[in-house]
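1. I need the structure of the sequence given here:
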Amino acid sequence: MAIADEIVLEHENGFDSSITNAIMSLDSPLATKIFETITFFGSSTFLFPAYSLVIIYHLLKKHWKLALDVATIGITSTALLYVLKSIFQRARPLDPLIRNVTGFSFPSGHSFSSFTFFGMIAYLLWQTQLKNSWKILTTIVLFLLATSIAFSRVYLRVHYPSDVIAGFCLSMIWLMISIWLLHKFDKKVPNPAG
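-> Predicted coordinates for the structure are as follows:
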């Protein structure tokens, strides 16, 4: 990944510095409160129950395969994030606006996890019989929410811009690979009714 090579491994910080400095000009107590609220929706405190509710919903509907797919994406994405953070071990910015933020910085877990979760929700939505206009509108809202969460991490100075961009790119790649693999696995499983 070019971002990891140029910015994290080569320590080229010009990109991060220029964007961070521009965002710092937006600082205000109100904005900080707003982004503290927004960032919550990318945290494990929100996403773990959210994944659980989606899984339970599909179990109650007897959509066993979908429930398993959601669980698989949630577990594997968490494992992948942990591995990548352990590999790169990038330190976080030194002047965060919120406290008690621990762990490594690259890639952004909030960015990766929120784009993965809300992207998965959008994908599931497109498998329903809902009108296309509602699918499009909801997909846009979900994408904007995930983008706001990613932006909040830079505003709150707990991540560098390159962390959240990497989180987004990784999420899109991981979702496409996961969905492709799950569909491919579906085709290999014999149908008992067939």
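
2. so where's the longest helix in the protein?
-> helix 161-188 (DSSP state H).

3. which elements pack onto that helix?
-> Applying 3 or more Cβ pairs under 8 Å, 6 or more residues apart in numbering; DSSP states H and E, one finds that helix 161-188 makes contact with helix 2-3, helix 14-24, helix 64-88, helix 109-125, helix 132-155. Using the backbone N, CA and C atoms, a C-beta is placed for each residue, glycine as well.

4. between the ones you listed, which gets nearest to Ile34?
-> helix 132-155 (8.4 Å; Cβ to Cβ).

5. mind listing what's buried in the closest one?
-> 138-139, 142, 145-155 (16 or more other Cβ atoms under 10 Å).

6. ditto for stretch 169-176
-> Neighbour counts over stretch 169-176 (16+ other Cβ under 10 Å) mark 169-171, 174-175 as buried.

7. before we move on, the earlier item: which one of the helices and strands packed on helix 161-188 lies nearest to Gly103?
-> That would be helix 64-88 among these, by Cβ to Cβ, at 6.5 Å.

8. pull the residues that contact stretch 54-69.
-> The contact list for stretch 54-69 (Cβ atoms under 8 Å, 6 or more residues apart in numbering) reads 70-71, 121, 124, 182, 186.

9. quick one: buried ones out of the residues you listed?
-> Buried among these (16+ other Cβ under 10 Å): 70-71, 121, 124.

10. redo the residues you listed as a markdown table? Include pLDDT and distance to Pro29.
-> Output for the buried ones among the contacts of stretch 54-69, formatted as a markdown table (pLDDT from 0 to 100; distance: Cβ to Cβ, whole Å):
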| residue | pLDDT | distance to Pro29 |
| --- | --- | --- |
| Val70 | 92 | 38 |
| Ala71 | 94 | 40 |
| Ile121 | 94 | 32 |
| Leu124 | 91 | 38 |
